[in-house]
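predicted model follows, preceded by the sequence.
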Amino acid sequence: MPINFDEIIDRRNTSCLKYDFAAERGYPADILPFWVADMDFRTPAPVIDALKTRAAHGIFGYTQVKDDYFTVLQNWFHTRHDWNVERSDLIITPGVVFAIATAIRAFTKKGDAVLIQQPVYYPFANMIRQNERVLVDSPLHLIEGHYEIDFEDFEQKIIAHSVKLFILCSPHNPVGRVWTRAELEQLAAICLRHNVIVVADEIHEEFVRPGFRHIPFAAISDEAAAITVTCTSPSKTFNLAGLQISNIFIRDKELRHRFKEELSRTGYDEPNTLGLTGAKAAYEHGAAWLTELLAYLEENNARTRAFLAQHLSKVTLIEPEGTYLLWLDFSAYGLSDEELNAKIIRDAHLWLDDGPIFGAGGSGFQRINTACPWKTLEQGLKNLAAAFAE
């Protein structure tokens with residue numbers, strides 16, 4: 001039976017970060033949230049069933065990964081991304097940001113330079129600074145509505161700052177780029193030339209629009225795989241963030257050893273029991289659900305595009321290639337970032353992600369999450385239109 005993605009599910013009073021913590025973060029308690037990147041849809045029924053069955057067992061002791069879990073992952077990545085992973089490559093962590101922070105400590109020392117491409121997912125910068133590394137930015141360039149990499153700047157920054165580690169966001173959050181093979185090959189060539197390790201955050205890998213294809217960075221070549229830490233998780237794909245499970249793949253034996261040593265120093269060992277159960281069920285039985293979800297999100301994008309054209313023509317939508325996050329340019333209104341954010345909160349009564357938190361190039365932008373029932377998204381857009389009505 002078709003999944004009813006139009007169903008509005010009340011997430012309040014479930015300790016939900018998105019809906020239940022507005023007041024704690026300085027927002028009106030009843031504000032309509034479109035900020036944090038989780039979805040307002042139920043996870044696939046087979047996942048819920050698997051969790052119920054596991055919960056009914058009633059014992060939640062220490063858990064480890066068996067080969068059947070890896071086999072499910074292996075089949076998923078081979079089928080969907082033509083990427084072959086090996087059992088020895090796999091390391092479980094409670095989250096992708098946790099893995100990125102672990103990699104920063106494992107492969108660099110205090111004072112070393114780590115490169116990112118802003119505007120980009122803001123925990124990258126936070127993890128670099130909080131671990132006392134030097135943040136180096138090779139900003140993406142917005143050219144005629146399309147973000148592009150400045151490869152000359154990218155390489156010059158690596159040389160000038162003796163960059164040791166590059167954090168790649170692929171697909172890119174928030175600008176929605178799905179990098180082409182040619183772009184990834186050029187990045188790989190530069191990083192290989194200068195002995196730069198690549199941490200590839202590929203958590204949005206399944207959210208790719210028709211006509212585009214996600215290519216794992218480690219699948220570019222054996223040489224690229226040898227310098228890559230690939231971070232994946234079912235958390236975005238199947239809305240399982242609260243189950244705290246991520247699958248990290250490291251092909252190179254030495255890099256894997258260094259990562260595991262640093263992981264051990266954090267005190268993390270056995271993964272979340274229900275996280276493993278949910279992830280396995282999702283990757284084994286969730287493909288049909290995901291197909292319907294992607295079609296629904298595509299329709300949400302189309303409706304949003306039409307709404308903006310009709311009611312908010314001064315807002316420029318950066319046409320997405322991937323993710324369920326839209327990057328909206330409000331700069332035509334001539335407001336400062338503080339004025340823009342205040343207007344959206346006060347007049348539109350919406351909680352979006354303010355562009356400047358993504359770093360350089362974020363000024364004048366807001367990020368909106370479209371992974372919700374259309375009626376919810378439509379209400380948010382109507383609020384925006386009313387707030388900016390002339």
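Everything's here; your move. Numbering: from 1, shown residues only.

contacts only, for His285.
The contact partners of His285, taken as C-beta atoms under 8 Å, 6 or more residues apart in numbering, are 44, 46-47. The C-beta positions use only the backbone N, C-alpha and C, and glycine is treated the same way.

swap the cut-off to 7 Å and go again
Residues near His285 by C-beta atoms under 7 Å, 6 or more residues apart in numbering: 44, 46.

and Pro44, by the same measure?
238, 282, 285-286, 289.

tell me the pLDDT at it?
Looking at Pro44, its pLDDT reads 97.

ok, now Ile215?
In this prediction, Ile215 has a pLDDT value of 98.

also the one 4 residues further on?
What the model reports for Ala219 is a pLDDT of 98.

check Glu86 too.
97.

hmm, who's touching the helix ranked longest in the chain?
Assignment by DSSP state H gives helix 287-311 as the longest helix of the chain. By C-beta under 7 Å, 6+ apart, the surrounding residues in contact with helix 287-311 are 2-3, 5, 41, 44, 206, 209, 237, 315, 317, 320, 324, 326, 370-371, 374, 377, 381, 385.

cool, stretch 60-76 as well?
Taking C-beta under 7 Å, 6+ apart as the rule, stretch 60-76 contacts 85, 87, 90, 92, 247, 270-271, 273, 276, 280, 283-284.

of all the contacts of Pro44, which comes closest to Asp337?
Of all those, Phe238 has the smallest distance to Asp337: 34.0 Å, by C-beta to C-beta.

for that closest one, which non-adjacent residue is spatially closest?
Distances taken as C-beta to C-beta, 6 or more residues apart in numbering put Ala282 closest to Phe238, at 4.1 Å, once the chain neighbours are dropped.

hang on, that neighbour in a strand?
No. Going by DSSP: H, G, I helix; E, B strand; the rest coil, the assignment for Ala282 is helix, not a strand.

from what I see, it and Ala45 are in contact.
No. The pair Ala282 / Ala45 is not scored as a contact, 10.9 Å apart, by C-beta atoms under 7 Å.

between the two, who's got more neighbours?
Neighbour tally, Ala282 and Ala45, criterion other C-beta atoms under 10 Å: the higher count belongs to Ala282, 27 against 14.

which parts of the stretch 251-390 of the chain are strands?
For the stretch 251-390 of the chain, the strands defined by DSSP state E, counting those that start in this stretch cover 316-318, 325-329, 350-351, 353-354, 365-369.

Val120 against Phe358, yeah?
Yes. Using C-beta under 7 Å, Val120 is in contact with Phe358, at 6.0 Å.

count the residues that sit near the nearest residue to Ile3 once chain neighbours are set aside.
What sits nearest to Ile3 in space, not counting adjacent residues and going by C-beta to C-beta, 6+ apart, is Glu292, at 5.1 Å. If you count neighbours by other C-beta under 10 Å, Glu292 ends up with 14.

go on, Phe41?
21.

now do Ser246
Ser246: 23 surrounding residues under other C-beta under 10 Å.

and it, what are its bridge partners?
Beta-bridge pairing for Ser246 (DSSP bridges): Thr93.

correct me if wrong: it contacts Ile100.
No. Here Ser246 lies out of contact with Ile100, judged by C-beta under 7 Å, at a distance of 10.1 Å.

helices of this structure, start to end?
Using DSSP H, the helices of the chain run over 17-20, 45-57, 67-81, 96-107, 123-130, 151-161, 181-193, 222-225, 234-238, 253-265, 273-285, 287-311, 337-346, 374-387.

do you know which of the ones you listed lies nearest Leu115?
Per C-beta to C-beta, nearest to Leu115 of the helices of the chain: helix 151-161, 6.1 Å.

for that closest one, give me every contacting residue.
So helix 151-161 is in contact with 113, 115, 134, 136, 138, 163, 186, 190, 194, 196, going by C-beta under 7 Å, 6+ apart.

quick one, what contacts the first one?
With contact taken as C-beta under 7 Å, 6+ apart, Ala113 is in contact with 133-134, 136, 161-164.

rerun at 10 Å
128, 133-136, 157-158, 160-166, 196 (C-beta atoms under 10 Å, 6 or more residues apart in numbering).

are any of these buried, and if so which?
Buried members of the contacts of Ala113, scored by 16 or more other C-beta atoms under 10 Å, are 128, 133-136, 157-158, 163-166, 196.

overlap of the contact sets of Val120 and Phe358?
173-175.

between these, which is closest to Ala37?
Once C-beta to C-beta is applied, the member of the shared contacts of Val120 and Phe358 that ends up nearest Ala37 is Asn173, at 7.2 Å.

what about the residue nearest to the closest one when sequence neighbours are not counted, how many neighbours?
Spatial nearest neighbour of Asn173, excluding adjacent residues (C-beta to C-beta, 6+ apart): Tyr121 at 4.7 Å. Look at Tyr121: counted by other C-beta under 10 Å, it has 26 neighbours.

tell me if I'm right that Tyr121 and Cys231 touch.
No. With contact defined as C-beta atoms under 10 Å, Tyr121 does not count as touching Cys231 (11.4 Å).

give me the common contacts of these two.
In contact with both Tyr121 and Cys231: 96-97, 100, 167, 201, 203, using C-beta under 10 Å, 6+ apart.

give me the pLDDT value at Met1.
Reading off the model, Met1 has pLDDT 62.

relative to Gln74, how far out is His214?
To Gln74, His214 is 17 Å away according to C-beta to C-beta, to the nearest Å.

now find how far off-centre stretch 135-145 is within its chain.
Here the centre of stretch 135-145 is set off from its chain's centre by 18 Å, with C-alpha atoms, centre = their mean, to the nearest Å.

still on that earlier bit, could I get the contacts of Pro44 as CSV with pLDDT?
Below are those laid out as CSV (pLDDT from 0 to 100):
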residue, pLDDT
Phe238, 98
Ala282, 98
His285, 98
Gly286, 98
Trp289, 98
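
surely the residue nearest to Phe238 is in contact with Asn247?
No. Using C-beta under 10 Å, Ala282 is not in contact with Asn247, being 11.4 Å away.

who touches both of the two?
76, 234.
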